[in-house]
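In: dropping a prediction and its sequence here:
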Amino acid sequence: MENQDIKTKIQKYRFFLFLLTVYCLLFTVQDAHAMHISEGILPFNWAAFWFLVALPFVAFGLYRLRKLSAVDLSFKPLVGLMAAVVFVISCMPIPVPTAGTCSHPCGTGISGILLGPLISILITAVALFIQALFLAHGGLSTWGADIVSMGVAGSFAGFLTFRALRRVKINMAIAGFMAGLFADWATYLTTSVELASGIRGDSPFLPLFWKIVIAFIPTQLPLGIIEGAMTAGMVVLLYKKRPDLLVKMRVLKPEEVAI
Amino acid sequence: MELFSEYYKKDHVLSRIDARVKLLVALVLLSLVLSYKGFALPVLVTLLCLFLCIRMRIPLRVFVMRFSEPLFIAVVVVLLKLFFSGEDALFSTNIMGLKVVAHTDGLMEGLLIGGRIIGAVSVVAMLGFATPFTEFMAGLSWFRVPKGFIEILMFAYRYIFVLFEDAQVIYQSQKNRLGYSNVRRGLSSFGTLAGSLTIRAFDHSQSTTVAMVQRGYDGGMPMLRHKSFKSSEIFASALFLIVMGVIWRI
């Protein structure tokens, strides 16, 4: 009898419930820092799985850090500061005109370009850890999954795109733009895979994956472009003001600066 | 950045417990919440954490801000599951000729995930409120987390506040010069802001290294020394986890 009452009440508000769902799915998913998978979303086994996937990348990052900091004492402070930059950038709300909401860039594209993907993964891991612990963005249990999407996918996509375009002599601004764009979109695709596999329960994977991808589109498509523009702006500014830093980070060859 | 460790209350009983014990209890509790297949444990953990937050006099505003994002995500997941998952129809509606069905089993599944999210966030939020950053780092080093990782964490934590202030100053001056008056200028200004932060990060890293080398830095940073464990803390924590384990089993 009581069950019937609940059913009646739910039926009474069904249209409102549906509209709320559509609104949440289409317009506000990104508003809640959805690049980070929230604490508790992934069940234990999936959380553990993504930790195992992330672990070797972080280990390689640490190995590289140890090697480079043995040669240059300023390398550890530099990596720490870049982690702080990624933290600050990924906390900045930027308006997404198509969705009428705010979202945030990842910042992993630029760290991948400047310090290489392995160090960038380490930087992302550090930024995500602090955000999970003190701001409830992301989570400790979803740390592995977030490292894989933002760190591994984002950094490698940004780094490889930038290097490939520079190799074929594409100019700095366009290469930076494409690197930021692909870093963002790679992160969002990987996040969709992680979310769909984690919350699907007994339902098939692919339909839910596509629903999540579609839900991300209104914000993530323009956000990728914004992140691309931001990365291009950063690279161009560094090129104009401090090309020595780009040479130090082996983004540019010394002769390219001389020209 | 007022949301960091500044709400840590020294005089609260939870704050006095060894960071290593708190970390271990939090991780076990997190695993229990994540692997639980019902509502009771996440609800119990959430209520317990809520009670402790009130006892620690965490301002309501901070508490609400910390929970707003996960709560919102929990609502989205519940709605997603309600309409797009399950087989047992609860109700259906026609929207512009499109038949949409809500499912009872989808709703239950969504509520389970939602409960898990709030329970897990409560545990981590409590850990954050009750542990200062430096003690937390010392705890991590005791658990043999690689030293390089902890050092990067400490550098990042130290400079987040500096860079936030820098970012605010740059942003304000850009805004005063109509740097965000339209989308195109806004994008350009944001790129400049992010680029300036990167340049400052490089410069800070150089000056920090020089200052640290002058004070004897050789590539490694010292951690807080660990005190010996208190048997009362270990006993109380073990008892607490056993009780939670029993509830998990039920």
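Out: Yes, it's here. Numbers count the residues shown, from 1 in each chain, chains lettered A, B, ... in the order given.
In: residues in contact with the residue of chain A found nearest chain B?
Out: Per CB to the nearest CB, the residue of chain A with the smallest distance to chain B is residue A:233, at 1.6 Å. For glycine as for every other residue, the C-beta is placed from the backbone atoms N, C-alpha and C. Going by CB atoms under 8 Å, 6 or more residues apart in numbering or on different chains, residue A:233 touches A:176, B:187, B:188, B:190, B:191, B:192, B:194, B:195.
In: helix or strand: which one has the residue nearest to the fourth one when sequence neighbours are not counted?
Out: Same thing as residue B:190. Leaving aside its sequence neighbours, residue B:190 sits nearest to residue A:230 (CB to CB, 6 or more residues apart in numbering or on different chains; 5.4 Å). Per DSSP states H and E, residue A:230 falls inside helix A:205-241.
In: which strands or helices does the next helix or strand after that helix pack on?
Out: From helix A:205-241 onward toward the C-terminus, using DSSP H and E, the following helix or strand is helix A:243-248. Judged by 3 or more CB pairs under 8 Å, 6 or more residues apart in numbering or on different chains; DSSP states H and E, the packing partners of helix A:243-248 are helix A:205-241, helix A:254-258.
In: helices of chain B, residue ranges please.
Out: B:13-16, B:19-35, B:40-55, B:60-84, B:104-130, B:133-142, B:147-176, B:183-214, B:231-249 (DSSP state H).
In: ugh, wrong one, chain A
Out: A:2-12, A:14-23, A:44-71, A:75-89, A:108-115, A:117-135, A:143-146, A:154-167, A:172-199, A:205-241, A:243-248, A:254-258.
In: tell me how far residue B:217 lies from residue A:121.
Out: Residue B:217 sits 25 Å away from residue A:121, going by CB to CB, to the nearest Å.
In: more neighbours: those two, which one.
Out: residue A:121 (31 against 16; other CB atoms under 10 Å in any protein chain shown).
In: how about the more buried one, what does it touch?
Out: Contacts of residue A:121 by CB under 8 Å, 6+ apart are A:57, A:58, A:60, A:61, A:147, A:151, A:152, A:155.
In: redo that, cut-off 6 Å
Out: If you count contacts by CB atoms under 6 Å, 6 or more residues apart in numbering or on different chains, residue A:121 has them with A:57, A:61, A:151, A:152, A:155.
In: ditto for residue B:217
Out: For residue B:217, the contact set (CB under 6 Å, 6+ apart) is empty.
In: over to it: give its phi and psi.
Out: The phi/psi pair for residue B:217 (degrees, to the nearest 10) reads phi -70, psi 130.
In: how many residues are close by residue 86?
Out: Reading this off chain A. Neighbours around residue A:86, by other CB under 10 Å: 29.
In: not quite, I wanted chain B
Out: Using other CB under 10 Å, residue B:86 has 22 neighbouring residues.
In: mind checking how far it is from residue B:108?
Out: According to CB to CB, residue B:86 and residue B:108 sit 8 Å apart.
In: what's the closest non-adjacent residue to whichever residue of chain B sits closest to chain A?
Out: At 1.6 Å from chain A, residue B:191 is the closest residue in chain B, using CB to the nearest CB. Once flanking residues are discounted, residue B:191 sits nearest to residue A:233: 1.6 Å by CB to CB, 6+ apart.
In: hmm, back to that, quick one: contacts for the residue nearest to residue B:190?
Out: Counting by CB under 6 Å, 6+ apart, the residues that residue A:230 touches are A:105, B:190, B:191, B:194.
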